[in-house]
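A.B. asks: Based on what follows, work out the 3D shape:
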Amino acid sequence: MLCVQTPEVVAAKYRAQGRRLTPQRQLIFSLLHDNATHPTADALFAVASKRMPGISLRTVYQTLDELSEMGEIQLMRCDGGALRFDPNVDDHHHALDAATGEVFDVYVDNLDALRAQLPEGFEVENVSIVFHGRVAKGSSTRPTTATKSPARQQTGRAKSTKRSPRRTSRGSSK
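C.D. replies: Numbers count the residues shown, from 1 in each chain. Predicted coordinates for the structure are as follows:
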């Protein structure tokens, strides 16, 4: 199960913060709910425009910015590509399919075991792991973002990912 609030819960939080709740914003909330595609603002705008002609790209961006400030979505950028928006705010990482550009949620067990050799005085604020690869051709099962690892199913929310990344022999972070 993804850690995503329902559109009604997000709307209530939005209103509680004194933010203006409009039909356009409610549409964006619904488009993000259980959306495992990690959409860009342009992709959301394209879908929103079909459902509500006249919605502006500015409204989409503004709403996404506000949802990010509220902690209701996470921002992610893979390989310098477009900024994507992830409504799954659970502690997780990502896998990027190089062939299709699809991004999948990945739950990493035992992050505490990772160690890094960081510059003296460097304080890690967060860790973002992106696995790069390809989904096997002919694979009968596409990766799913809704499945947690068995360990995560037992423990619920994972511990914070504010840990040091492991260094490889070439000195790059993993």
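A.B. asks: use CA for all of it now, contacts and neighbours both
C.D. replies: OK.
A.B. asks: what pairs with Asp97 across the strands?
C.D. replies: Beta-bridge pairing for Asp97 (DSSP bridges): Gly133.
A.B. asks: Surely it touches Lys137?
C.D. replies: No - applying Cα atoms under 8 Å, one finds Asp97 not in contact with Lys137, separated by 11.6 Å.
A.B. asks: Of the two, which one has the most company?
C.D. replies: Asp97 (17 against 6; other Cα atoms under 10 Å).
A.B. asks: And the residue lying farthest from the centre of the chain, what's its pLDDT?
C.D. replies: The C-alpha centroid of the chain is most remote from Glu120, which lies 30.2 Å away (Cα atoms, centre = their mean). pLDDT recorded at Glu120 is 92.
A.B. asks: Could you check how far it is from Asp112?
C.D. replies: 20 Å (Cα to Cα, to the nearest Å).
A.B. asks: show me what contacts Leu27?
C.D. replies: Ala48 (Cα atoms under 8 Å, 6 or more residues apart in numbering).
A.B. asks: give me the number of residues near the residue lying closest to Ser49 once chain neighbours are set aside?
C.D. replies: Excluding its sequence neighbours, the residue lying closest to Ser49 (Cα to Cα, 6 or more residues apart in numbering) is Ile55, at 5.9 Å. Ile55 has 18 neighbouring residues, counting by other Cα under 10 Å.
A.B. asks: Determine the three-state secondary structure at the residue nearest to Arg20 when sequence neighbours are not counted.
C.D. replies: Excluding the flanking residues, the one nearest Arg20 by Cα to Cα, 6+ apart is Tyr14, at 7.6 Å. Look at Tyr14: counting by DSSP: H, G, I helix; E, B strand; the rest coil, its state is helix.
A.B. asks: If the residue positioned nearest the centre of the chain is in a bridge, with which residues?
C.D. replies: For the chain, the residue nearest the mean C-alpha position is Asp86 (2.9 Å; Cα atoms, centre = their mean). Going by DSSP bridges, Asp86 is paired in beta bridges with Gln74.
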